[in-house]
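Trainee: Generate coordinates for the sequence data below:
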Amino acid sequence: MRFLIDECLSPSLVLVAHDAGYEAQHVTYVGKSGWTDWNVADYARAGDFVLVTNNRSDFLRLYAVQPIHAGLVILIPSINREDQAYLFRRALVKLAELGEPINRVLEVDRDGDEVTFKLYDLPPGGA
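Mentor: Now for the predicted structure:
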């Protein structure tokens, strides 16, 4: 799996992915800062990247019309960079268990000390 980290999240998530043995890029570091969401989605799809974002509403809408995509990870809460890293590490462990998230969304949320996951097909009907 390869990950593209959206600019709404910390660039340090690239290091989190690298430390776990995955390739990752940050939108800002690949010269795509300020791109519209649909440009980011197209870049992720063309590069076979799992997109990591906390911009849930926009990317769910964009990915719902994609016939095939490498996957979408949504970190639900808007949190500081340390907590982003923690939730992303937990997401990477979950993805290692689940396998490639082709045409799937993994939502990662936090309720106090508990991390919750929601996995579903997108577009509905799945991979």
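
Trainee: which residue is nearest the middle of the chain?
Mentor: Here the mean C-alpha position of the chain is nearest to the C-alpha of V52 (Cα atoms, centre = their mean), at a distance of 1.8 Å.

Trainee: Per-residue pLDDT of the residue nearest to it when sequence neighbours are not counted, please?
Mentor: Counting by Cβ to Cβ, 6 or more residues apart in numbering, V52 lies nearest to V73, which is 4.5 Å off, once chain neighbours are set aside. For every residue, glycine as well, the C-beta is placed using N, CA and C. Among the per-residue scores, V73 holds a pLDDT of 98.

Trainee: Am I right that V73 is in a helix?
Mentor: No - the secondary structure assignment for V73 gives strand rather than a helix, going by DSSP: H, G, I helix; E, B strand; the rest coil.

Trainee: And the longest helix belonging to the chain, what does it pack against?
Mentor: Ranked by residue count and defined by DSSP state H, the top helix of the chain is helix 81-98. Other helices and strands packing on helix 81-98, by 3 or more Cβ pairs under 8 Å, 6 or more residues apart in numbering; DSSP states H and E, are helix 13-19, strand 50-53, strand 72-75, strand 104-111, strand 114-121.

Trainee: same question for the second one, mean pLDDT?
Mentor: It refers to strand 50-53. If you average the pLDDT over strand 50-53, you get 98.

Trainee: then it to PDB, C-alphas only?
Mentor: Presented in PDB, the C-alpha positions along strand 50-53 are these (Å, rounded to 0.1, in the frame of the first residue of the first chain):
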ATOM      1  CA  VAL A  50      -4.700   5.300  -0.400                       C
ATOM      2  CA  LEU A  51      -5.800   8.800   0.400                       C
ATOM      3  CA  VAL A  52      -5.600   9.800   4.100                       C
ATOM      4  CA  THR A  53      -7.700  12.900   5.100                       C
END
